[in-house]
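Participant: Sequence and computational prediction follow.
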Amino acid sequence: MSVWRDVVGQEPALAVLQRAVTDPAALTQTWLFTGPPGSGRSIVARAFAAALECPDGGCGDCHECRTAYDGTHADVDLVSTEGLFINVKQTRSLVELAARRPSVGRWRVIIIEDADRLNDHSGNALLKAVEEPTSRTVWMLCAPSLEDVLVTIRSRARHVRLRTPPPEAVAELLVRRDGVDPSVAINAARAAQSHVGFARRLATDEGARIRRRDTLRLATSIHGVGDAVDAAADLVKIADEEKERSLDDRNRAETQRLLETLGADPGARTQPPHVRAQLNALEKEQRTRATRVGRDVIDRALTDLTSMYRDALVRHTGSGRPLVNEDHVAAVDHLAAIMTSEQLLGCMETIGVARERIDANVAPLLALEAMALDLRLPR
Amino acid sequence: MRPWQALPVTSENLIGVPRHVPPLVLVTGPEQVLADRAVASVLTQLRVTFPQLDVVRLDAATYTPGDVIAHAAPSLFGEDKAIVVADVDEAGDELQGDLLALLAVGLEPGSTLIVRHKGGNRGRKVLDAMTGAGARVLEAPAIKTDRDKTDFATHEFRAAGRRATAGAISALIEAVGSNVAELASACQQLIADTTGVIDEAVVTTYHGGKVVATGFRVADATLAGNASEALRLLRHAIAAGVDPVPIVAVLAQQLRQLVRVGNAGRGRSVDIARDLGLAPWQVDKANRLLPGWSAEGLGRSIQALAAADAEVKGGGRDAVFAVERAILTITDERQPR
């Protein structure tokens, strides 16, 4: 078993990294991994870190491999944020950390999982440390694309581009790692457009499948103005459900943990002022996160919806490319039959506009209503 | 009887009685105008008994520990004192502690303690101690609805022995109703400056052209297809400091209701309201507006509004213009009956 086992469909990148592990002369000390969401940037980075720490170059089973991969290794640090930015205070402490020798392993590895969230300030604080790391430190930065990273950081790092893995590779991973039925796995991988995390959720969570089906159904069910307004309300409702599902347990656990840390009584009806202040701060943070998650969820639903029109367009071109929504062929064919290519493109454009608007803070319901009105089926 | 009707007490019927006001007076409630008047009337009553009354005003925000005790302490010259403590609902521990200590000891014979409390739980202990010690409680409830304001203004005029027409009062509330203090002083001005019956013409002379506009009124005019009125109200609202963002939000909400009610078909408004999660009056209102609207027109209106929202949220240069254009698009979509 190799430590690279969860990395799917990234053979070109793997060749580079494996050579760096086996041949110390080929090891650059600052790496930048880019790739679309779900391509496994942080998984690649963690596997690479494990391979560097492992005496056998990444066996996948030894203590070093397992701890490095999980992020619990003493010399491997994982940095990520749920806020909007990684702030300068955080990066300064990283710079300090990077100056120390590794304590148990061969290398000190610092992985910044969302380097796209470094702002000018915090990015600049890193420059010196990233350009000339001490002899035993390796930096790994992950970002969706090169353009998301400060140009000054970009020029100091060795770039490894990850591609969107082929659906077959993602399906194979789901079968092997999560024990999913092969036919379900390939549908999920296609439907998630090779996003490993989403594919896994679609394959294992019945609720996620239902929510996706409800979203896709909108493409063929909007006839009148009333339908459009209802459809927008449905979309928001689906997104809310998904948001609640993913956040509720987590928020409760966090609150519980905070109360325990502060030594407060979780059952008390009212908390003393100093506890209340901390609780309020936590709630504020959770609300910010909820906004971000809510938007992400709607964005995901819109991606699903776009894929329907894309599939119908594929039918028009007759290119025989595989469909994203193999499991909704009937609806795709229906769309292809009643809409022209121009109309399909128009629909995709409309969805894009709604996305931009939501991104620019337009009330999601209003933006979706305007979108749904343009998605009405031709009579 | 509304609380403010109990407050004005003339001094004639008080003369000759030793003491009408108990040593402790508590004024509770959020409406500052009423609370101010309550305190003023209590002081007037006190001056009947104690012509040389010395009034000390303390405030929670600027309180120095020990002040209450110092002022309540017996004085060499034996003046009669009224200590007015404002905003006890914002009081820190010191002020609350001092007040409780004072209440525990009791006041000097010539002293009166008047405490003002806007609401909420802070300072509750002081309140309980006051009522427990037999304080007179005066209430200053919030004046929120138009009905409350109408009652208030009507009573203002009646107390001054003046008659005002219903039209005059509604015009007055439309002009200055957003702020009760302003409404009160407007009433006083009309009483002082005019003679005879106060009618709409008199109010227009003093407050003509001033309108309290909210997003809801803009939306109502827009959906009724009244472009000039909608734009006028929008300008008023913007000038009065209403942000374009909530105006767009209200418009969107009202358009949405029209679509949904129109889509629900015929039926009792109570049933439709229950199905759609609206209030029955919202359904009735939508039904009144719907005859001038086509589904397509509503659809185009929503799209215009979404574009306007994007511009208002920073996508355009002029937020107000974006809203104006959306309003004109929407009023155009409504077909005249």
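Facilitator: Arrived safely. Numbers count the residues shown, from 1 in each chain, chains lettered A, B, ... in the order given.
Participant: got the residues of the stretch 201-337 of chain B near chain A?
Facilitator: Counting by CB under 8 Å from any CB of the partner chain, the residues of the stretch 201-337 of chain B close to chain A are B:248-249, B:252, B:256, B:259-260, B:262-263, B:295-296, B:298-299, B:302-303, B:305-307, B:309-310, B:313-315. Heads up, the C-betas are built off the backbone N, CA and C, glycines and all.
Participant: Could you give me the PyMOL syntax to select whichever of these are buried?
Facilitator: Selecting only the buried entries of these in PyMOL, with 16 or more other CB atoms under 10 Å in any protein chain shown as the criterion:
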select buried, chain B and resi 248+249+252+256+259+260+262+263+295+298+299+302+303+305+306+307+309+310+313+315
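Participant: Inside helices: which ones of the residues of the stretch 201-337 of chain B next to chain A?
Facilitator: Among those, the members falling in helices are B:248-249, B:252, B:256, B:259-260, B:262-263, B:295-296, B:298-299, B:302-303, B:305-307, B:309-310 (criterion: DSSP state H).
Participant: Which residue, other than its chain neighbours, is closest to residue B:181?
Facilitator: Leaving aside its sequence neighbours, residue B:181 sits nearest to residue B:33 (CB to CB, 6 or more residues apart in numbering or on different chains; 5.0 Å).
Participant: Look at the one you found and give its secondary structure.
Facilitator: Put simply, residue B:33 is helix when judged by DSSP: H, G, I helix; E, B strand; the rest coil.
Participant: what's near enough to touch it?
Facilitator: The neighbourhood of residue B:33, defined by CB atoms under 8 Å, 6 or more residues apart in numbering or on different chains, consists of B:140, B:143, B:180-181, B:184.
Participant: list the contacts for residue A:206?
Facilitator: With contact set as CB under 8 Å, 6+ apart, residue A:206 has no partners.
Participant: Spell out which residues of the stretch 201-350 of chain A are next to chain B.
Facilitator: Of all the residues in the stretch 201-350 of chain A, those lying near chain B are A:224-226, A:228-230, going by CB under 8 Å from any CB.
Participant: just to revisit the earlier point, give me the distance between the residue nearest to residue B:181 and chain A.
Facilitator: Computed as CB to the nearest CB, to the nearest Å, the residue B:33 to chain A distance reads 33 Å.
Participant: With residue B:293 instead?
Facilitator: Counting by CB to the nearest CB, the gap from residue B:293 to chain A is 10 Å.
Participant: quick one, phi psi at that residue?
Facilitator: When read as degrees, to the nearest 10, the backbone of residue B:293 gives phi -120, psi 140.
Participant: Kindly report the same for residue B:65.
Facilitator: The phi/psi pair for residue B:65 (degrees, to the nearest 10) is phi -50, psi 140.
Participant: That one: how many residues sit nearby?
Facilitator: 13 (other CB atoms under 10 Å in any protein chain shown).
Participant: who's in contact with residue A:136?
Facilitator: Remark: with contacts taken as CB under 8 Å, 6+ apart, residue A:136 is in contact with A:101-102, A:106-108.
Participant: How about stretch B:121-137 and chain A, any contact?
Facilitator: No. Applying CB under 8 Å from any CB, one finds that stretch B:121-137 is not in contact with chain A, the shortest distance being 10.0 Å.
Participant: Can you give me the buried ones in that stretch?
Facilitator: In terms of neighbour count (16+ other CB under 10 Å), stretch B:121-137 has its buried residues at B:122-123, B:126-127, B:129-130, B:133, B:135-136.
Participant: Point out the ones among these that are inside strands.
Facilitator: When these are checked against strands using DSSP state E, the ones located there are residue B:136.
Participant: Quick one: distance of stretch B:245-256 to the chain centre.
Facilitator: On the basis of CA atoms, centre = their mean, to the nearest Å, the separation between the geometric centre of stretch B:245-256 and that of its chain is 24 Å.
Participant: Can I get it in PDB, CA atoms only?
Facilitator: Only the C-alpha atoms of stretch B:245-256 are listed here, as PDB (Å, rounded to 0.1, in the frame of the first residue of the first chain):
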ATOM      1  CA  VAL B 245     -31.400  48.400  -0.200                       C
ATOM      2  CA  PRO B 246     -34.400  47.800   2.000                       C
ATOM      3  CA  ILE B 247     -36.600  49.600  -0.500                       C
ATOM      4  CA  VAL B 248     -35.600  47.100  -3.200                       C
ATOM      5  CA  ALA B 249     -36.100  44.300  -0.700                       C
ATOM      6  CA  VAL B 250     -39.700  45.400   0.100                       C
ATOM      7  CA  LEU B 251     -40.500  45.800  -3.600                       C
ATOM      8  CA  ALA B 252     -39.200  42.300  -4.200                       C
ATOM      9  CA  GLN B 253     -41.300  40.900  -1.300                       C
ATOM     10  CA  GLN B 254     -44.500  42.600  -2.500                       C
ATOM     11  CA  LEU B 255     -44.000  41.400  -6.100                       C
ATOM     12  CA  ARG B 256     -43.400  37.900  -4.900                       C
END
